[in-house]
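**Student:** quick one, fold the following:
(chains A, B and C)
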Amino acid sequence: MPPMIMNGLFTQLLGAIVAVSLAPLFLGWVNQCRAWLSNRSAPPLLQPYLVIRKLLHKDAVLAENASPLFRVVPYILFGAMVTAAAIIPSLGTALPFAVCADAIALVGLFATARVFIALAAMDIGTAFGSMGARREMMVGFLAEPALLMVVFTASLICGSTALPTIADTLAGRTLAIYPSLAFAGVAFLMVLLAENARIPIDNPATHLELTMIHEAMVLEYSARHLALIEWASALKLFNYACIGFALFLPWGLAHEDNPLALLWALPLLGLKLIAAGAGLALIETVSAKLRIFRAPEFLAMAFMLAVLGLLVRLLLGS
Amino acid sequence: MPDATASVPLSAQLIHLAAAVMLLLSFAMLAQRRLVSLVNLFAAQGATLVGSTLVVAYSTGQHELYLSAAVTSIKVVLLPYVLHRLIRRLSLQWDTETLVNIPTTMLIGLGVVIFAFGLAQPLSELASTVTRSTLGIAMAVVLLSFLMMITRRKAISQVIGFLAMENGLFFAATSATYGMPMVVELGILLDVLVGAFIFGIFFFHIREQFESLELSHLESLKED
Amino acid sequence: MELLILLGLPLGGAALLALCGDRRWAPEATVLASLGTFLAGCALTARVIADGPQLVWNEQFFIDPFNVFLVALTAFVGFTTSLFSRTYMRVEAHHGKLSPQRLRLYHSMFQLFMFTMLLALLTNNMGILWVAMEAATLSTVLLVSLYRTPASLEAAWKYFILCGVGIALALFGTILLYFAAEKVLGSEGMSALLWTHLNGVKDRLEVTVLSIAFVFLLVGYGTKVGLAPLHNWLPDAHAEGPTPVSAVLSGLLLNVALYAVVRCKVLVEGSVRSELPGRMLMGFGLGSVLVAAFFLWRQKDIKRLFAYSSIEHMGIVTFAFGMGGPVADFAALLHMTVHSLTKSAIFFVVGHAAQKTGTQLIEGIRGLLVLSPTVGWGLMLGTLAILGMPPFGVFASEFLILTTAMRDHPWATPLLLLALGVAFGAVFSRVQPMVFGETTATRLPHPPALLPVFAHLSLVLMLGLWIPPFLAQWYRLAAAMIG
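**Tutor:** Residues are numbered from 1 along each chain as shown, chains lettered A, B, ... in the order given. Got it, this is the predicted structure:
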């Protein structure tokens, strides 16, 4: 096997492993920052791992009328997120997988995961599940196009929809002011908040029935299923962060021809994650949760910003 | 597609940035409910305008434009100040507007922007100035302010929409043509200032008559 | 020199009256200033008759056959309006509707308005034209709300916002015009906005830019002309403002706004070399005529009725300019003149009638012939004149426009005739009982100042029977220029 492909496979494997193993840590870091910022004593950094371990040791309880779909969904979810992690250039841009799946496929992957969890939520037939699913779909129908528009803006600049190519081109260009990327960046941030059930759309820390979205959908899950779902959501947040890095902070990724750069890329990714986590926690702390009926407004804003970025790119060429 | 931006000089990049910021601020104004924040956004838009005028003046060496920027900055400082004072005098600090359906307004706004860009596309190709492509943005800002005036029901917000429209026009003048002749610009500015002054008088009259600045009172003259 | 007096006198008058417009002699001062302006206008006219078109002051001002008669007309109507308002405003003050401060505002703003009108007509600079038009809005907006009643405030606000937005669009059009001109004429100096220069190079101006610019300019200035569907401000502003203001708005402002539109049309048509600008004018004009004619039926307020009639006539003129050609343009110019004279005369009479009966509602005004025969006959004759009855001048111009339409655009003729018929029925059926009906009201002590009315009407009559050769010559020259 030629070294180039070996190298690519290695990057691929390492990226996925890092994503799966670091995702709960990233979540723990965000939670810790939030606790600090709101003057609470923080949970340990490894709390998400502990939760996952605890859940894995328990016996699963299933509702009587649960269909097989209900049982399969956590695995689909987790699988989708791991696949996504393999497409996103988090460490290096030499990703053999990424050839067959570009950014549009990535958005599709997230959408698939959303459809399945919504189906599973409605499967049992409880009121909360259906309500959560409905709300999740409401968020999704605006967030997905916005995310696509963000990706398109970057694609227009780079002439490709493959994330590694985009990251490569963006990192390699001379420094210039791109107002379109700034628009896209803000839009992306808003989508990230909405898609990962963060404040101001959803509060991950509360179980108040009337406002929750994500928690309402997974209410019926327990034990290993719940563990997988929790892990998948941590992965989703991690993936979004990495998409953000690839689009807006693409420096320091390892290239195809230089496997040693991975040694650099890993600590750099860590630094980016630390900064991003702290920033995310800060945003969540200073903003208040929106009423659920305001969520479309928030997302429409994100969509509009993304489209504006696209238009600005088309008209100004910058 | 080749990366075109890299070859564009820094000044043009800055002007593009200013254009993008102006557009963004227009949208922010369209969605803003609180009057005080609306005035601040308007001030920020004006400041962006002054900044871009200065950049154009510096990069093209057209010295009248410095004057024009100075004159514009009067508007940027004076008008928001006066508006803030007015808001305090009329004690409207906490006034908010019940805007119906912001997402729809936003989407209409997007349509407006696309329309403006489409209209400006053939024009931009003709312009010889570096900053030509900003003409479309200026047109979008004008039309968005127009949209804002249509959707607002309060006198002050309508006036801010009107003034924001003038901002867009000035931006068009500097970006597309490097400024109109000075006499004309001064005349326009005088008109705008007097207009703002008269608006101020109006606020008091309207309030005196109707005890509020809701324009829904001003809908009795209709053809029945 | 005449130009200096023509522009300086109203401006100086405005400044003076702003300081002491509440004195007893203020109305006389207004009349004097207007008289001076009128005389200067006459002198300028005489000069142009003698020496032909001229460019003055570094080409910043110019006088050609197209604007000189409008200048004379504006100065004349301004003068007669000031005569009329002398008695009218005194009565209003006597009724306690106006305080001395308001009167000061009125006199000062009236002069300022005259100044802006003349400036707009005389300037050679498209930018200054815009500035003057905007200033005209600003100076009249406080006049419309002079009574400070809720309705007048609403009317003024509507007027301000709609015309403000319209005029802002016109500014965008002006910027685009400059944008196109600058490439041909260069940005040095001011020549790129001077109409005469633009006219010289109009066939080299960029077609796309000018087409888009014309749309903005037409919509912008068209708002001030009161073209449908942008006419909403017009009836309100006419009905709620004091009558002299209605008279000058209808008689002068609309004309000047239309003048601006036509100036732009000349440039754009020269560049685009297509029917498009003309077609747009025809469309807007015909639309306004039809809309106004049918709205006339729904009016209960006498001033609103005649405001809609103004929209109708402006529509006719716009339509005629849109058709183009020597005859149609000649007729349009004639119609502008006679409409301006007739409509201001009608507003004078209506003002007196409303003062005598204390209401503007048509139902409240009855039997004017009994109350005051001069007012009654003035209203009747004015109405007949504006409805296009021979031998008045309106008949001549409408006849010319209709025959041209029949020849060039036969499809439009039935629409025009329909609108004219509807308008005739609507206006006449309302005015007739006002003049001839029974009344129980008693005569009021104030004698009406009807000299201006009959002066205007006799001029209109004269123009219907005989057009002075120099005027006909101007109309022909202007028509040739407009194309």
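**Student:** C-alpha from now on. contacts and neighbour counts both.
**Tutor:** Fine.
**Student:** what about the spatially closest residue to C:Phe115 that is not a sequence neighbour, which helix or strand?
**Tutor:** The shortest distance from C:Phe115 to any non-neighbouring residue, by CA to CA, 6 or more residues apart in numbering or on different chains, is to C:Pro10 (5.3 Å). For C:Pro10, the host element (DSSP states H and E) is helix C:2-20.
**Student:** packing partners of that helix?
**Tutor:** Applying 3 or more CA pairs under 8 Å, 6 or more residues apart in numbering or on different chains; DSSP states H and E, we find helix C:2-20 packed against helix C:26-51, helix C:100-122.
**Student:** CA-only coordinates of that helix in PDB, if you can.
**Tutor:** This file holds the C-alpha atoms of helix C:2-20, laid out as PDB (Å, rounded to 0.1, in the frame of the first residue of the first chain):
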ATOM      1  CA  GLU C   2     -33.400  90.100 -12.500                       C
ATOM      2  CA  LEU C   3     -32.400  86.600 -11.500                       C
ATOM      3  CA  LEU C   4     -30.800  88.000  -8.300                       C
ATOM      4  CA  ILE C   5     -34.000  89.900  -7.400                       C
ATOM      5  CA  LEU C   6     -36.200  87.000  -8.400                       C
ATOM      6  CA  LEU C   7     -34.400  84.600  -6.000                       C
ATOM      7  CA  GLY C   8     -33.200  87.100  -3.400                       C
ATOM      8  CA  LEU C   9     -36.500  88.800  -2.800                       C
ATOM      9  CA  PRO C  10     -38.400  85.700  -1.500                       C
ATOM     10  CA  LEU C  11     -35.400  84.500   0.400                       C
ATOM     11  CA  GLY C  12     -34.900  87.900   2.100                       C
ATOM     12  CA  GLY C  13     -38.600  88.200   2.600                       C
ATOM     13  CA  ALA C  14     -38.600  84.800   4.300                       C
ATOM     14  CA  ALA C  15     -35.800  85.800   6.600                       C
ATOM     15  CA  LEU C  16     -37.500  89.200   7.400                       C
ATOM     16  CA  LEU C  17     -40.900  87.700   8.000                       C
ATOM     17  CA  ALA C  18     -39.400  84.900  10.100                       C
ATOM     18  CA  LEU C  19     -38.300  87.700  12.500                       C
ATOM     19  CA  CYS C  20     -41.300  90.000  12.400                       C
END
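**Student:** residues contacting the helix or strand harbouring B:Ala19, please?
**Tutor:** If you go by DSSP H and E, B:Ala19 is part of helix B:10-31. Residues outside helix B:10-31 that contact it (CA atoms under 8 Å, 6 or more residues apart in numbering or on different chains): A:176-180, A:312, A:316, A:318, B:5, B:38, B:41-42, B:44-45, B:48-49, B:51-52, B:55-56, B:59, B:102, B:105-106, B:109, B:130-131, B:134, B:137-138, B:140-141, B:144-145, B:147-148, B:164.
**Student:** report the mean confidence score over it.
**Tutor:** Throughout helix B:10-31, pLDDT has a mean value of 84.
**Student:** buried residues in it?
**Tutor:** Across helix B:10-31, burial judged by 16 or more other CA atoms under 10 Å in any protein chain shown covers B:11-31.
**Student:** distance from it to the middle of the chain?
**Tutor:** 11 Å (CA atoms, centre = their mean, to the nearest Å).
**Student:** looks like A:Met246 contacts A:Leu163 (just checking).
**Tutor:** Quick fix: residue A:246 is Ala, not Met. Yes - with contact defined as CA atoms under 8 Å, A:Ala246 counts as touching A:Leu163 (7.3 Å).
**Student:** between the two, what contacts are shared?
**Tutor:** A:Ile88, A:Pro89.
**Student:** neighbour count: the two, which is higher?
**Tutor:** Each of A:Ala246 and A:Leu163 has its neighbours counted (other CA atoms under 10 Å in any protein chain shown); A:Leu163 has more, 28 against 25.
**Student:** which one is the residue nearest the centre of chain A nearest to, not counting chain neighbours?
**Tutor:** For chain A, the residue sitting closest to the mean C-alpha position, by CA atoms, centre = their mean, is A:Tyr240 at 3.0 Å. The shortest distance from A:Tyr240 to any non-neighbouring residue, by CA to CA, 6+ apart, is to A:Leu192 (6.5 Å).
**Student:** distance of the one you found from chain C?
**Tutor:** A:Leu192 is 40 Å from chain C, where distance means CA to the nearest CA, to the nearest Å.
**Student:** give me the residues contacting stretch A:69-82.
**Tutor:** For stretch A:69-82, using CA under 8 Å, 6+ apart, the contacting residues are A:16, A:19-20, A:109-110, A:112-113, A:116-117, A:120-121, A:123, A:225-226, A:228-229, A:231-232, A:235-236, A:239.
**Student:** burial measure for whichever residue of the stretch 351-483 of chain C sits closest to chain A, as a count.
**Tutor:** At 37.7 Å from chain A, C:Ile482 is the closest residue in the stretch 351-483 of chain C, using CA to the nearest CA. Using other CA under 10 Å, C:Ile482 has 21 other residues around it.
**Student:** which strand or helix spans the residue of the stretch 201-350 of chain C found nearest chain A?
**Tutor:** As assessed by CA to the nearest CA, chain A sits closest to C:Val209 within the stretch 201-350 of chain C, at 17.4 Å. C:Val209 is part of helix C:207-225 when elements are defined by DSSP H and E.
**Student:** which helices and strands sit right next to that helix?
**Tutor:** Looks like helix C:207-225 contacts helix B:102-126, helix C:150-185, helix C:254-272 (3+ CA pairs under 8 Å, 6+ apart).
**Student:** model confidence over the helix or strand immediately after that helix in the chain, on average?
**Tutor:** Counting by DSSP H and E, the next helix or strand C-terminal to helix C:207-225 is helix C:233-240. Average pLDDT, helix C:233-240: 90.
**Student:** who touches the next helix or strand after helix C:233-240?
**Tutor:** Moving toward the C-terminus from helix C:233-240, the next helix or strand (DSSP H and E) is helix C:243-248. The contact list for helix C:243-248, computed with CA under 8 Å, 6+ apart, reads C:77-78, C:81-82, C:84-85, C:140, C:143-144, C:237-239, C:343-345, C:347-348, C:350-351.
**Student:** let's see helix C:243-248 as CSV, backbone CA atoms only.
**Tutor:** Extracted in CSV, the C-alpha atoms of helix C:243-248 (Å, rounded to 0.1, in the frame of the first residue of the first chain):
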residue,chain,number,x,y,z
THR,C,243,-56.5,77.4,1.5
PRO,C,244,-53.7,79.6,0.2
VAL,C,245,-51.4,76.7,0.8
SER,C,246,-53.7,74.4,-1.1
ALA,C,247,-53.8,76.9,-3.9
VAL,C,248,-50.0,77.0,-4.3
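**Student:** chain center to it: distance?
**Tutor:** Per CA atoms, centre = their mean, the centroid offset for helix C:243-248 relative to its chain is 10 Å.
**Student:** quick one, what contacts the residue nearest to the spatial centre of chain B?
**Tutor:** Central residue of chain B (CA atoms, centre = their mean): B:Ala164, 2.2 Å from the mean position. By CA under 8 Å, 6+ apart, the contact set of B:Ala164 is B:Ser26, B:Phe42, B:Gln45, B:Val141, B:Val142, B:Ser145.
**Student:** local confidence estimate at it?
**Tutor:** 88.
**Student:** same question for B:Ala127.
**Tutor:** Looking at B:Ala127, the pLDDT reads 58.
**Student:** all helices for the chain, in order.
**Tutor:** Answering for chain A, as no chain was given. A:3-37, A:47-57, A:68-87, A:103-123, A:127-158, A:163-172, A:179-195, A:214-217, A:223-248, A:261-286, A:295-316 (DSSP state H).
**Student:** look at chain B instead
**Tutor:** Under DSSP H, chain B gives helices at B:10-31, B:35-60, B:64-89, B:102-126, B:134-151, B:155-177, B:182-210.
**Student:** TSV for the ones you listed, including distance to C:Lys224?
**Tutor:** Below are the helices of chain B laid out as TSV (distance: least, CA to CA, whole Å):
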stretch	distance to C:Lys224
helix B:10-31	27
helix B:35-60	27
helix B:64-89	26
helix B:102-126	24
helix B:134-151	17
helix B:155-177	17
helix B:182-210	16
